[in-house]
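[1] missing the sequence, but the structure's below:
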């Protein structure tokens with residue numbers, strides 16, 4: 001990924017998770033202009049209001065878009081005269097943004113951001129950032145705690161990164177919603193079931209997104225990647241984590257992959273075909 005002048009760009013990003021908050025903190029420290037989307041997970045460019053008008057008002061020539069797919073709108077942005085840079089590492093319906101030009105998994109969006117703007121570790125330090133924490137956020141988003149282990153983080157460092165990610169998540173989602181998510185996740189975890197090799201955890205609470213906190217719970221409980229099926233928000237969101245069948249799920253049902261194709265998700269709100277957890281389990285257990 002080629003570098004880009006920081007004063008020539010506007011960064012469009014949804015503040016919906018810890019990684020996004022970290023990117024925004026660095027962008028603001030380095031005086032990179034930002035447009036922050038209010039969209040939650042599953043953000044799409046076509047759902048962003050008055051996008052071209054807002055981009056033109058910045059007076060910038062280059063646009064960096066983080067994890068907001070939308071090929072038709074992307075074309076409209078370039079047709080309007082902007083140079084477009086895409087930062088993403090997920091696989092969506094008929095859109096592969098997980099793989100690089102050689103077919104290899106891309107680094108996390110935070111890691112791509114640091115590369116694009118040529119942010120060195122000593123520069124992060126000069127701006128008051130803890131480099132191990134920042135790099136840890138990128139690793140966590142790329143492959144959760146297991147990526148930290150592979151990157152050589154000690155047990156104490158992993159605890160520190162986990163706490164830091166938790167703080168960033170609270171900023172992204174708000175304290176009240178974060179507390180609701182955690183409460184419901186703990187309750188759902190107590191009622192988990194084992195079906196074959198998969199832990200199955202479900203919640204019917206409409207507003208509670210339980211997956212992020214469940215990931216921490218399973219890591220604390222087992223200390224290793226553990227296959228898990230999660231039905232969150234009454235089955236509106238369905239995930240399968242830490243499975244070699246993530247790509248098979250994607251090919252069968254669509255949806256999206258993350259964790260470098262070790263995890264899969266499906267958002268019924270964005271899909272014409274409504275999928276149930278039982279359909280997913282039946283496929284996994286074939």
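    Sure, I can see it. Bear in mind that the values here come from a model prediction, so they are computed numbers and not experimental data.
[2] buried residues in stretch 145-160?
    For stretch 145-160, a neighbour-count test (16 or more other Cβ atoms under 10 Å) marks 145-149, 151, 153, 158, 160 as buried. (Glycine included, C-beta is placed from N, CA and C.)
[3] what's in contact with that stretch?
    132-133, 135-136, 139-140, 143, 161-162, 219, 224-225 (Cβ atoms under 8 Å, 6 or more residues apart in numbering).
[4] from the residues you listed, keep the buried residues only.
    Judged by 16+ other Cβ under 10 Å, buried ones among these: 132-133, 135-136, 139-140, 143, 161-162, 219, 225.
[5] returning to what we had before: in helices only, show me the buried residues of stretch 145-160.
    145-149, 158, 160 (DSSP state H).
[6] one step back: so for the buried ones among the contacts of stretch 145-160, which is the shakiest by pLDDT?
    Among these, residue 219 carries the weakest pLDDT, at 90.
[7] quick check: the gap between the nearest residue to it once chain neighbours are set aside and residue 198.
    Among residues not flanking residue 219 along the chain, residue 145 sits closest, at 4.9 Å (Cβ to Cβ, 6 or more residues apart in numbering). Taking Cβ to Cβ, to the nearest Å as the measure, residue 145 falls 19 Å from residue 198.
[8] also residue 107?
    Applying Cβ to Cβ to residue 107 and residue 198 gives a distance of 28 Å.
[9] try residue 136
    Distance from residue 136 to residue 198, by Cβ to Cβ: 28 Å.
[10] quick one, what contacts residue 202?
    188, 191, 230-232, 235, 277.
[11] which two among those residues are spaced furthest apart?
    191 and 235 (15.1 Å; Cβ to Cβ).
[12] what about the helices in the protein?
    So, for the chain - with DSSP H - the helices run 18-29, 51-58, 71-79, 109-116, 121-126, 131-150, 155-173, 175-190, 211-222, 246-253, 277-284.
[13] who wins for proximity to residue 39 among those helices?
    helix 18-29 (10.7 Å).
[14] what's in contact with stretch 271-286?
    93, 195-196, 198, 200, 202, 229, 231, 235, 238, 240, 243, 245, 248-249, 252-255, 266, 268.
[15] okay, buried residues for it please.
    Buried, per 16+ other Cβ under 10 Å, within stretch 271-286: 275, 277, 280-281, 284.
[16] flag the shaky bits of the stretch 1-150 of the chain, pLDDT-wise.
    The stretch 1-150 of the chain contains residues with pLDDT under 70 at 1-2.
[17] if you set the cut-off to 80 instead, what comes out?
    1-3 (pLDDT under 80).
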